[in-house]
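**Q** quick one, structure for this:
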Amino acid sequence: MKRENFQSRLGFLLVSAGCAIGIGNVWKFPYVAGQNGGGVFVLFYLLFLLIMGVPVLTMELAVGRASRKSAVLAYQQLEPTGTKWHLHGWFCLAGCYLLMMYYTTVSGWMLGYFFKFASGSLNGLKGDELDQAFGQLLASPGEMTVWMSLTVLFGFLVCSLGLRNGLERITKWMMLGLLGLIVVLAVRSLLLPGALEGVKFYLLPDFGRAAQVGLGNVITAAMNQAFFTLSLGIAAMEIFGSYMSKANTLASEAVRICGLDTFVALMAGLIIFPACFSFSVQPDAGPSLIFITLPKVFADMPGGRFWGALFFLFMTFASFSTVIAVFENLLASAIDNLGWSRQKAVLVNLVFVLIASLPCVLGYNLWGDLHLIGGRDVLDSEDFLVSNLLLPLGSLVYLLFCVSRWGWGYDKYLAEANTGEGLKMPRGLKYYFQFVLPVLILVILVQGLI
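**A** Now for the predicted structure:
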């Protein structure tokens with residue numbers, strides 16, 4: 001069966017960027033930047049994105065494009081005879097399933113809050129009442145299951161239409177909508193009274209604040225954010241390499257994907273900080289920022305119902321673009337490894353992901369007493385395994401596979417990466433890739449596990 005390809009370069013870039021752009025861009029990046037000296041953090045983040053994110057992204061894409069296969073078969077096709085690199089492909093698949101076991105719930109929260117703002121059911125709520133609204137959502141297994149199920153059903157429906165007619169076409173419009181919404185929301189936020197103080201706090205380099213946190217901590221925070229923002233290491237990007245054309249070099253495409261990802265992260269801060277400063281609300285991290293802090297800001301803002309609905313529509317697009325990108329990986333793996341039709345792969349995966357997502361939903365109510373890894377709840381335990389273990393370890397495996405003589409090898413990787421028009425990866429980076437980059441990834445891995 002002939003493998004599908006993206007219809008256009010724009011389609012590939014927007015789908016790949018959609019996979020990278022997720023909830024972390026919005027509820028983690030602005031807060032971590034603000035906490036770590038604003039512009040000081042942003043500069044280190046951009047540096048690490050260039051010296052870590054871009055190279056590893058080109059490697060994952062290279063494995064996909066050279067093999068035209070999903071993770072397991074890609075390794076099997078490229079690995080030296082008798083080696084076992086392809087075992088990592090199964091870990092990639094497990095990582096994608098594990099990611100979807102909690103990401104579908106969080107994406108469902110976004111969808112739920114979009115409807116709550118759009119329908120006006122949060123109208124007139126203030127302070128503690130908005131805290132309670134999120135608490136009530138978490139306490140209701142029925143409501144959370146509905147939003148999670150809608151996310152899963154619609155995600156697989158999009159993917160059932162195929163690469164071009166489903167994933168590429170829907171993601172293109174969704175991403176263009178997301179980029180439009182984020183600009184509109186940022187402009188609205190910047191026009192609020194007192195917004196400028198928020199912008200200064202967020203983007204001006206504040207070495208005093210950075211020194212308080214400790215420059216070493218600022219650097220490791222920037223390294224972590226730059227590394228995790230691209231979802232590297234579980235073949236979420238590799239699959240799009242297998243569908244892409246050879247017209248452009250991989251460094252060119254990687255820089256563009258990173259550029260889009262960073263644009264969304266930076267603009268998210270321009271929505272959040274000016275609004276929080278304008279209404280004297282302390283911006284914080286994680287779910288409370290999105291579902292408690294910002295709804296309070298919208299409650300005080302003229303036309304808050306409209307702006308709240310727009311914000312959560314943007315958040316729904318950001319999370320859903322990741323969901324359907326990872327679903328495509330699950331389907332491609334079933335089609336490649338088991339010889340299934342796309343429709344059969346959709347039906348089996350749909351049922352499996354729905355069932356596998358239930359523990360995360362129940363972890364906030366019926367199974368609220370269940371604590372797993374290090375006392376974490378279900379969602380945080382699943383996230384710990386993906387973010388702190390599978391992503392850095394997987395990236396290290398991709399790196400070593402591409403640059404060591406026991407794997408695919410640097411020359412073959414470089415030839416694939418530099419095929420096409422555009423930015424070439426310099427041959428002279430070989431020793432940096434072989435000896436320095438693995439150490440940087442190990443630092444992230446060890447730090448995450450500690």
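**Q** before we move on, which element is F44 in?
**A** F44 belongs to helix 39-48 when assigned by DSSP states H and E.
**Q** the following helix or strand past that helix - what's its average pLDDT?
**A** Counting by DSSP H and E, the next helix or strand C-terminal to helix 39-48 is helix 54-67. In this model, helix 54-67 has a mean pLDDT of 97.
**Q** tell me the buried residues in whichever helix or strand comes after helix 54-67?
**A** Per DSSP H and E, the first helix or strand lying C-terminal to helix 54-67 is helix 71-78. Residues of helix 71-78 classed as buried by neighbour count (16 or more other C-beta atoms under 10 Å): 71-76, 78. C-beta here means a position set from N, CA and C on the backbone, and glycine is covered the same way.
**Q** quick one, longest helix in the chain?
**A** helix 304-338 (DSSP state H).
**Q** look up phi and psi at A285.
**A** Per-residue torsions, A285: phi -110, psi 170 (degrees, to the nearest 10).
**Q** ok, and the closest non-adjacent residue to it?
**A** Distance criterion C-beta to C-beta, 6 or more residues apart in numbering; nearest residue to A285, sequence neighbours excluded, is Y31 at 4.2 Å.
**Q** repeat for E382
**A** Once flanking residues are discounted, E382 sits nearest to Y102: 4.5 Å by C-beta to C-beta, 6+ apart.
**Q** so which helix or strand takes in the one you found?
**A** With DSSP H and E as the test, Y102 turns up in helix 87-119.
**Q** re the thing from before, pretty sure the residue nearest to E382 sits against S387.
**A** No. In this structure, Y102 is not within contact of S387 by C-beta atoms under 8 Å, at 10.6 Å.
**Q** so which of those two has more stuff around it?
**A** Neighbour count, other C-beta atoms under 10 Å: between Y102 and S387, Y102 has more, with 23 against 19.
**Q** what's the spacing between F227 and A236?
**A** Here the criterion is C-beta to C-beta, to the nearest Å. By it, F227 lies 14 Å from A236.
**Q** how far off centre is the helix or strand containing L379?
**A** Following DSSP H and E, the helix or strand that holds L379 is helix 378-384. Centre-to-centre, helix 378-384 and its host chain are 15 Å apart (C-alpha atoms, centre = their mean, to the nearest Å).
**Q** give the buried residues for it.
**A** 378-384.
**Q** helices or strands next to that helix in the packing?
**A** helix 87-119, helix 342-362 (3 or more C-beta pairs under 8 Å, 6 or more residues apart in numbering; DSSP states H and E).
**Q** most tightly surrounded among these?
**A** Greatest average neighbour count among the helices and strands packed on helix 378-384 goes to helix 87-119 (a mean of 22), per mean count of other C-beta atoms under 10 Å.
**Q** and that helix with helix 304-338, angle?
**A** 160 degrees (axes from the mean of the first three to the mean of the last three C-alpha atoms, to 10 degrees).
**Q** tell me the mean pLDDT over the helix or strand following helix 87-119?
**A** Once the chain leaves helix 87-119, the next helix or strand it forms, by DSSP H and E, is helix 127-139. Averaged across helix 127-139, the pLDDT comes to 90.
**Q** how many neighbours does the closest residue to F273 other than its chain neighbours have?
**A** Leaving aside its chain neighbours, F273 sits nearest to G198 (3.7 Å; criterion: C-beta to C-beta, 6+ apart). G198 has 24 neighbours, counted by other C-beta under 10 Å.
**Q** can you check F273 too?
**A** Neighbour tally, F273, other C-beta under 10 Å: 25.
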